[in-house]
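**Q** Sequence first, then the predicted structure, then my questions.
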Amino acid sequence: MFGRSIGLKCALLFVLMMAVLLAGCENSAENKDYSQPQTQTQTKENFELTDEGKDFLTQMCKELSDFNAQTEMDEKFWRDFLFYSYTGASAENADMEQVYREDLGGEETVVKVSRQDVQAYAKLVFGTEMPDLEPSFEEMENGQTSCYYQDGFYYIGVSDFPDYQYTFDEFTVYEESETYAIVKYNIDFEGESNVGTVSFNIFPADNENGFIIRSKTTEFFR
């Protein structure tokens, strides 16, 4: 009787343990977050450039400074990225304010953008974090178009870009140690066609564009 009692208790304990394990597995499956996008390895055959991606690169033709793997992403690089990314914004797609500038003798129209939005934009473009950058209002030079940080926001003065037009030319995918593509745009200026080219090296990425930019090169023919 004693042996049978022990055996029955062991059997019941085994059944109880299995029930707990199965419940744990079910809970793990229920709690797993499948809503997060999963990174996929792109190949030469399925790396594509959408119309939205082409429009984004057209914007980068005028807003992004030339750079490559040897470019030092120092403070000047990130200041230029910050300034040129927002200085051409319009009231329809950006938060605008008026800031009094004593050195200018009046108010200046500035774009107001949060640090979080700038960091997210940098991640979208480069796939990397933008370092902490907090240029102050006081350190700006007299007459300089605004570019400063205050209380969680960047303020960038509004200005115009040169009147270059950029037209998509080609998208060529390569597969070496990893998949990448070269995208080229033709430059037109003041009625003259093909005065230069802009070339991007882009790599597949799990973001809304489907790529990040690793280099940009602008070349003028004359």
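**A** All right, it came through fine.
**Q** Please give the element, helix or strand, for F81.
**A** Under the criterion of DSSP states H and E, F81 resides in helix 75-86.
**Q** what does that helix contact?
**A** Here helix 75-86 makes contact (C-beta atoms under 8 Å, 6 or more residues apart in numbering) with 62-65, 67, 71, 94, 111, 113, 118, 121-122, 125, 130-131, 133, 135, 145, 147, 154, 156. (C-beta placed from N, C-alpha, C; glycine too.)
**Q** Same question for stretch 51-71: list its buried residues.
**A** Residues of stretch 51-71 classed as buried: 53, 56-58, 60-64, 67 (neighbour count, 16 or more other C-beta atoms under 10 Å).
**Q** Double-check that F200 belongs to a strand.
**A** Yes - under DSSP: H, G, I helix; E, B strand; the rest coil, F200 sits within a strand.
**Q** re the thing from before, turn the buried residues of stretch 51-71 into TSV, columns for distance to V195 and secondary structure.
**A** Output for the buried residues of stretch 51-71, formatted as TSV (distance: C-beta to C-beta, whole Å; DSSP: H, G, I helix; E, B strand; the rest coil):
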residue	distance to V195	secondary structure
G53	24	helix
F56	23	helix
L57	18	helix
T58	16	helix
M60	18	helix
C61	13	helix
K62	14	helix
E63	19	helix
L64	19	coil
F67	22	strand
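**Q** got the residue ranges for the helices in the protein?
**A** 2-31, 51-63, 75-86, 115-126 (DSSP state H).
**Q** if you average pLDDT over each of these, which comes out lowest?
**A** Of all those, the minimum mean pLDDT falls on helix 2-31 (a mean of 38).
**Q** which ones are touching R101?
**A** Taking C-beta under 8 Å, 6+ apart, we find R101 in contact with 107-108, 146.
**Q** what's stretch 119-130 in contact with?
**A** Outside stretch 119-130, the residues that touch it by C-beta under 8 Å, 6+ apart are 60, 64, 73, 78, 81, 85, 118, 203, 205, 207-209, 212-213.
**Q** Can I get it in PDB? Just the C-alpha atoms.
**A** What follows is stretch 119-130, C-alpha atoms only, in PDB (Å, rounded to 0.1, in the frame of the first residue of the first chain):
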ATOM      1  CA  GLN A 119      16.500  61.500 -33.900                       C
ATOM      2  CA  ALA A 120      13.900  59.300 -35.700                       C
ATOM      3  CA  TYR A 121      14.600  61.000 -39.000                       C
ATOM      4  CA  ALA A 122      18.400  60.500 -38.600                       C
ATOM      5  CA  LYS A 123      17.700  56.800 -37.900                       C
ATOM      6  CA  LEU A 124      15.500  56.600 -41.000                       C
ATOM      7  CA  VAL A 125      18.200  58.200 -43.200                       C
ATOM      8  CA  PHE A 126      21.400  56.600 -41.900                       C
ATOM      9  CA  GLY A 127      20.200  53.700 -39.700                       C
ATOM     10  CA  THR A 128      22.200  55.100 -36.800                       C
ATOM     11  CA  GLU A 129      21.500  57.300 -33.800                       C
ATOM     12  CA  MET A 130      22.200  61.000 -33.900                       C
END
